[in-house]
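Engineer: Sharing a model that was predicted from the sequence below.
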Amino acid sequence: MNIEQAVSAAVAGLQLGNTFTFDDLLRSVQDQRHRRLRVIELADLDTHDGLCALWLATDTDDLVLHARTDSTLHRQQFVLHEFAHMILGHCDGADCPAVDMLLPNIPPRTRGRLLRRQDLDSETEIAAESLADQLAAGIRGSVFAESAFSEIFG
């Protein structure tokens, strides 16, 4: 399956339709993964260090930790990119070789998964960013649907 097909299948699997809120998406991802999902801003995390966000999967929860930014859209993209990795099943659980190398002394069931946007040309990063873009479009569509935007601007 190519990236476009995988992203389309992932969007359809969420069963949210063409427009939805961020909260709708969060609930859908939680339901799909059967786990609580928390999004937490880390004030000490700086995008200048090259780390925008990371996803940690514990035994019971998914945590998306993201850098502080004044741009709501930028912050949303950080978070949606991590959601996309979850939705696409990238590096789930103990199947992630990067985690084995980075956290060898922490048991696989408790250490989770770390993601850093390093290899932007990899298929997983391209797919995650593509899905994040589609998710952002669905959220934007929901905002426009709730306003007079389309009536005013066509």
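Structural biologist: That came in fine, so what should we check first? Treat the numbers as computed from the prediction; the structure is a model and nothing was measured. Numbering: from 1, shown residues only.
Engineer: quick one: low-confidence ranges for the protein?
Structural biologist: Per-residue confidence for the chain (pLDDT under 70) gives these ranges: 46-50, 91-121, 144-154.
Engineer: longest single helix anywhere in it?
Structural biologist: In the chain, with assignment by DSSP state H, the single longest helix is helix 123-145.
Engineer: ok, how many other residues are close to E41?
Structural biologist: Neighbourhood size, E41 [other CB atoms under 10 Å]: 15. Quick note: C-beta positions are derived from backbone N, CA and C, even for glycine.
Engineer: What ranges does the chain have for its helices?
Structural biologist: Counting by DSSP H, the helices of the chain are 3-14, 22-33, 72-88, 97-102, 108-111, 123-145, 149-153.
Engineer: now these in TSV, with distance to L63 and mean neighbour count?
Structural biologist: Converted to TSV, the helices of the chain look like this (distance: least, CB to CB, whole Å; neighbours: other CB atoms under 10 Å):
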stretch	distance to L63	mean neighbour count
helix 3-14	20	15
helix 22-33	12	16
helix 72-88	9	21
helix 97-102	14	12
helix 108-111	12	14
helix 123-145	17	18
helix 149-153	34	9
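Engineer: Without its sequence neighbours, what residue ends up closest to T19?
Structural biologist: For T19, ignoring the flanking residues on the chain, the nearest one in space by CB to CB, 6 or more residues apart in numbering is G141 at 3.7 Å.
Engineer: And that neighbour, how far from N18?
Structural biologist: Applying CB to CB, to the nearest Å, the value for G141 to N18 is 6 Å.
Engineer: same deal with D59?
Structural biologist: 35 Å.
Engineer: go on, H81?
Structural biologist: Distance, H81 to N18, using CB to CB: 20 Å.
Engineer: hang on, the earlier thing: can you give me the angle the longest helix of the chain makes with helix 3-14?
Structural biologist: 50 degrees (axes from the mean of the first three to the mean of the last three CA atoms, to 10 degrees).
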